[in-house]
Structure formats: C-alpha cells, structure tokens
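Trainee: model the structure of this input:
(2 chains)
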Amino acid sequence: MTSDLTTDGGSSDAAAVALQDIGKSFGETEVLKKVSFHARKGEFLTLLGPSGCGKTTSLRIIAGFEEATSGNVMFGQTSVNDLPPWRRDIGLVFQNYALFPYMTAAENVAFGLKMRRVPKAETATRVKAALAQVGLAGYETRHPRHLSGGQRQRVALARALVIEPKLLLLDEPLSNLDAKLRGEMRYELKNLQRATGVTTIFVTHDQEEAFSLSDRIVLMRSGEIVQYCAPDELWSRPATAFAADFIGVENLIPAHVTAPGQLTCAGGLAVTPTTVGFAPGAEVILGLRASDVAIQPRGSTGLPATILDGEYRGRERLYRLAVPGLERPVLASAPSDIAFDGEVTLCLPPEKMMVLHDDR
Amino acid sequence: MNSDRFLLPAPVEALLWKLGRLLFHGVGLAWQLFMVAPLIIVVVVSFTSASYLMFPPPGYSLDWYREVLSLSWIRSAVTSSLIIATCATLIAVVIGVLASRVLAKRPFRGRGLVEYLVLSPLFLPGVVIGFAIFNVLVMIQVDRVAMPQMIIAHVMITLPFVIRSVWASMAGADISLEEAAQSLGATPAQTFWHVVLKSARPGILAGAILAFTFSFNDVTISIFLTSSRVTTLPVQLVSHIEYNPDPSPAAISTLMIAITLALFVFLARIGGLNAFLER
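Mentor: Numbers count the residues shown, from 1 in each chain, chains lettered A, B, ... in the order given. Alright, predicted model coming up:
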C-alpha cells in the first residue's frame, strides 16, 4: 500500500471515484474479490445485489470505514487508501439516518460545517438553505424524535449535502420508509442529485430503485460483479441467469443447446431463439418475461397450454400455465379485463428469449 | 387448541387480580412505613426542644442544630467529606468514562477478566475492602492517613458504579452516529467529544450521582482510614451516636440528608434532568 498520496495514470480520466481491484477479507471470509468499478463526475451509480453481496462493504471502503485487503480507492487521480474518513470529504446517508438525537435539525446539519470551522454567519445561511432545499424550511429547531421517518431522511440528506462533498454515498436510505413515501423520496432524491450535480453512489437491494435512479448499475453477487451497465441494458440484456432472476425475469427454464441456434428445454420442448450465443452442447437457461409471453384463445398458432391458476394484480393478471414439453409451469401476464380459463394457446416470441449462462 | 388450557372461572380470576393489586399497594405501603417513616421521625426529632429522644417531640427548637454546629469537629468533617466525595467522583468519572469506552468498543482478549476486576468492589463487602486498603497502607508505612489516601480508596469503591452506568449507556449507543460524525469531518477526538460523550451523558450523570452519594455516605471503608487529621462526616456521626444519647445525631443526620438531596437537585438542574428525560 502506498504511504502517501500518489497519482495513478491508469484510471479512467473522467472518474470521480474508482475502485481498482479491491479485495476484502474478514478473517477467512472473502467478501470482495478483485472488484473494479468507477463513477464518473456527476454520475448516479448504484451498487445492486442481495444481502451479503459486498455492496455495503464496497461503500464502507469508499467512505474509509473499512480498509481494503488489496487494491486502490481513487478519488480522481489520487489514491485515498491512507486517508481517514474524516479527511475524505464525503457525504454519507445511513439506512437508519444516524441523526444526532440530542441536536436539533439545524444543529445536525451544521455539524459538518462546525467541524470545518466555517464562520457562524455563513453556517447559519448554508444550514437554512440546505434545509430549504430538502423542503424542511421551518423545521430548524425540531429534534429528530419529533420528525417523521421521511423528514429524518431529508435532514440526513441536508446534513450530507451541506458540506458540498466530492461524493455522496447512500446506504439503503429508502428501505426504512413505507412504500408510498419511498416512491416520493426516490423522486426527490433524483431531483436533488440532478440539481446539485454531486457524484453519487447508492447501495440498494431493490431493483426498482436501481432502475429508476441510476445512470449505471453495478450488479453484485458474493463479492463479484455480475453486470456493470446502464439500467436499460440490464433490463433488456441481463448477463446471466442470476442477473435475470434478480431483476425479476419470471420464466427461467433450464435448456440445452442442441444445434446452432436451436434449444431443447427440460421436458423436451424445442425452441429457436433469435440470438443464442452458445455453441451446441452448452447447458443454458432460457429466460422470458411473463409480460413477453402472449396468451391467446385456443385455436391460434402457438403452443397449446392449460391455465393452472391466475393471480389478480390490478391492471394485469399473472397466470401459471402448464405447457406440454416443459417440466415447470410458465408464467404469463395479460390485461386483467379479459379473464382466461382452461385451454389456451401460448406464443413464446423468439426475439424476446434470453439465452443465459447458468450461474445460479 | 383451547382444550388443554386450564382456565380459571372468571370470578376467581377477578378475585386474584384484586388480590394482586392489594399486594402491590401493600408492598408500597410497607416500603413507605419502613423506609420513609424512620427518616421523617429523625428529621422531626432533630427539631426537638427536649434534651432526650422522644417522638413526637414535646416542643420545637433549633437548639440541637446550634449544639451540632458548635461541635469542634463538625466543620472539618463536613469539609473533608465534601472534598473527598467531590474529588473521588471527578476522578472516578474520568477513569470510568475512559474504561467504559474501551470496554464498550470491540471485544478484546481478557475482557471478561477486566470486567470482573473492575466490578469486583460491587460484590465484595465494604468492610473487607476497607480492611484490605488499611493493611496495604500499614504495610507501606503510611501511619497517618491523609486526604489523598482516602480519595484513592473512594475512587476504588465508586469506580464500579460509574463504569456500570456509563458502560451500559455506551454499549447501547449507535455506532453509526460515530461514523456519521467522522464522515462529516470529525476527527476521532472530536467524535469522542461531540458524539460519544454526549450520547453517554445520562449514564455519566447517573454514575456520578451514585458515586458521590456512595462516597459521601460511606462508613465501612472510611472508618479504617480516618485519622486525627482527616475524618468524614458519617464516620464521626457513628462515633458521636455511640457516646451521645441526646438528639444531636438526629440533627447531623438531617444535615446529611439535606446535603445529599441538595446535591442531587443541583446536578439534576445543570442538565441532568433534561438528559434523563430526553432518552
């Protein structure tokens, strides 16, 4: 490890923050295995993955609370490996907000400025502006216990942003809010990030949050990066069966590549996806969204299928169908105004089929 | 299902409930009778005009306070007791806060042993500790025991109270508060001052009150360490009671109660009460 700040020409030049081959072990357990990613200046980057995937550890390494076992954390062209948290100039929002309970909202927001010895008058103006920015003007003298969950969240955001950090780190900040509030805060968070232009790294296990907020997503699993791309690419082209499963692709059918461009599913059904990308002999997973499977009345062209049950989901209904030649039922969704029952025809569009490496 | 559950008939259950409440009030009443009543009697008797102990007093006067205040030892005993208790409490709080910080932080090897050693004065009889300290002082040939020895002994016996209560409040503290402070630019020293100490304030205050009252009222340990030069109020009170069958001990006792209460009210006023209520 370098003993002082060093420059490194190897990192991408627009990167505000970059992790280079970061490894982290707690005793025998390897929680990060040579992870590399970077956030460009002003970018909203999301670390997405199930619990234990290493996303929070990555965030804590960036914040400086954990020391990486190997690799470099770069802020711009500078390695911050040896920089303690209090000198990293980051804004951090915790899952539980971590507001100082014995301080008012304004005192909480002022804390970072006080540590930086900002003059009192300037502190007062900046605190006021920061609270106003998160829609909490007039709440200056409230203590955290007299604020709602959403309001605490805003104070935490104001406290992190008022110091004008180089980097904003968010550790599952929305997961303690109820569903309706979560939606609103998501919207406000995005607006705030756009308005301030602060480079942001966001940790979540919620794929919906990741899709709606991020410029790019780092999908992680067991200390490794599974996919690192823009949200629309993750949505339309998940890299592996795990990625597809995690972002909610409902049908994941084990299959075997029998000939170029030709798959046989477990159960015997043969399909010909538009793109296969695997040589004959490969064991793969065929992924297909329920919304891409079309249900038609019996008699149309397609596969004969029998409806097992249907679940009402408001605008649509999610059906489970038995298909001859497939071991497990296929999930398909259709608008809820037409109710299907009994014998139907299924259309599995080849262009929507995802042929995936089985890494589950 | 309900079949295997034994249910009392409703009237019996109601009766038991009533009995339970009766018992609760009974215990409360008994506590008042045995704990508070004697104290009230002592306070009342201290204002008697008679020269013997009698309740209720035949008349009221401040004679015994005048008598007590004219005792040759009373001023020096009150002063030394206050000095000893104050110094011992301050030292115990400083050591106790630092020790609690170490204990409440990550576990380390031998923590159990440290914990046991630190808290041992809580479960050892005070007489034993007093006797032990006395022996050590004799061994190192400090024949005339002075104030510093007394203070050291009192730090020893009050430290567990401080550590117990500060440790408890530090162990329950949210570690993310410290991390939040550091992310906002606070150095470890600033974090300790602005976050760790602030969060532990109720525990520190409670520990300090316990330590002070224990030190101020202690007899068992101090009795071994008093000398002609340094003595404490409770120790003097005990020997005074032995030789004076008049109401003057009641006046001294009332003074002690007053000093302890005044201190508690004072500490509660300077922010302690708020800290207690805010938690």
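Trainee: use CA for all of it now, contacts and neighbours both
Mentor: Will do.
Trainee: separation between the residue in chain B positioned nearest to chain A and residue B:209?
Mentor: Of all residues in chain B, the one sitting closest to chain A is residue B:185 (4.0 Å; C-alpha to the nearest C-alpha). Between residue B:185 and residue B:209 the distance is 34 Å, computed by C-alpha to C-alpha, to the nearest Å.
Trainee: more neighbours, those two?
Mentor: The neighbour comparison of residue B:185 against residue B:209 (other C-alpha atoms under 10 Å in any protein chain shown) goes to residue B:185, with 26 against 21.
Trainee: now residue A:80: how far from chain B?
Mentor: Distance from residue A:80 to chain B, counting by C-alpha to the nearest C-alpha, to the nearest Å: 14 Å.
Trainee: centroid-wise, who is the farthest residue in chain A?
Mentor: In chain A, counting by C-alpha atoms, centre = their mean, residue A:299 sits farthest out from the average C-alpha position, at 42.3 Å.
Trainee: tell me which residues touch it, please.
Mentor: The neighbourhood of residue A:299, defined by C-alpha atoms under 8 Å, 6 or more residues apart in numbering or on different chains, consists of A:344, A:345.
Trainee: SS state for residue A:310?
Mentor: Three-state call for residue A:310 (DSSP: H, G, I helix; E, B strand; the rest coil): strand.
Trainee: quick one: pLDDT of residue B:4?
Mentor: The score at residue B:4 is 63. That number is its pLDDT.
Trainee: okay, now the unreliable bits of the chain?
Mentor: Going with chain A. A:1-13 (pLDDT under 70).
Trainee: please go with chain B instead
Mentor: By pLDDT under 70, the low-scoring segments of chain B are B:1-4, B:106, B:141-145, B:270-279.
Trainee: so what's residue B:159 up against?
Mentor: Residue B:159 neighbours (C-alpha under 8 Å, 6+ apart): B:92, B:93, B:95, B:96, B:118, B:211.
Trainee: these two touch, right, the last one and residue B:165?
Mentor: No. Between residue B:211 and residue B:165 there is no contact, the gap being 10.5 Å when judged by C-alpha atoms under 8 Å.
Trainee: what sits in contact with each of those two?
Mentor: With C-alpha under 8 Å, 6+ apart, residue B:211 and residue B:165 have no common neighbours.
Trainee: so between these two, which is more surrounded?
Mentor: Just comparing residue B:211 and residue B:165: by other C-alpha under 10 Å the higher neighbour count belongs to residue B:211, 27 against 22.
Trainee: and stretch A:47-59, how far apart are its ends?
Mentor: Terminal residues of stretch A:47-59 lie 9 Å apart, using C-alpha to C-alpha.
Trainee: near chain B, which residues of the stretch 51-200 of chain A? Just list them.
Mentor: Counting by C-alpha under 8 Å from any C-alpha of the partner chain, the stretch 51-200 of chain A comes close to chain B at A:63, A:65, A:85-94, A:98-100, A:102, A:111-112, A:115-116, A:160, A:163.
Trainee: what's the burial count for residue 111?
Mentor: Because you didn't say which chain, this covers chain A. Residues lying near residue A:111 (other C-alpha under 10 Å) number 25.
Trainee: meant chain B actually
Mentor: As a burial measure, residue B:111 scores 13 neighbours (other C-alpha under 10 Å).
Trainee: ditto for residue B:88
Mentor: Counted with other C-alpha under 10 Å, residue B:88 comes out at 27.
Trainee: how about residue A:174?
Mentor: Per other C-alpha under 10 Å, the neighbour tally for residue A:174 reads 25.
Trainee: and what of the one 5 residues further on?
Mentor: When counting by other C-alpha under 10 Å, one arrives at 11 neighbours for residue A:179.
Trainee: same deal with the one 4 residues further on?
Mentor: A count of nearby residues for residue A:183, using other C-alpha under 10 Å, gives 15.
Trainee: the nearest residue to residue A:294 once chain neighbours are set aside and chain B, how far apart?
Mentor: Once flanking residues are discounted, residue A:294 sits nearest to residue A:347: 5.1 Å by C-alpha to C-alpha, 6 or more residues apart in numbering or on different chains. Separation of residue A:347 from chain B (C-alpha to the nearest C-alpha) stands at 50 Å.
Trainee: isn't residue A:347 right next to residue A:293, touching?
Mentor: Yes. With contact defined as C-alpha under 8 Å, residue A:347 and residue A:293 form a contacting pair (6.0 Å).
Trainee: what are the buried residues along stretch A:276-284?
Mentor: Neighbour-count burial for stretch A:276-284 flags A:276, A:278, A:283, A:284 (criterion: 16 or more other C-alpha atoms under 10 Å in any protein chain shown).
Trainee: picking up where we left off before, the contacts of residue B:159: which two are farthest apart?
Mentor: B:118 and B:211 (14.4 Å; C-alpha to C-alpha).
Trainee: list the contacts of residue A:219.
Mentor: Applying C-alpha under 8 Å, 6+ apart, we find residue A:219 in contact with A:47, A:48, A:49, A:225, A:226, A:227, A:228, A:243.
Trainee: show me the contacts for residue 162.
Mentor: If you meant another chain, say so; for now it's chain A. Contacts of residue A:162 by C-alpha under 8 Å, 6+ apart are A:109, A:110, A:112, A:113, A:126, A:127, A:130.
Trainee: hmm, no, I was thinking of chain B.
Mentor: Taking C-alpha under 8 Å, 6+ apart, we find residue B:162 in contact with B:92, B:93, B:96, B:97, B:204, B:206, B:207, B:208, B:210, B:211.
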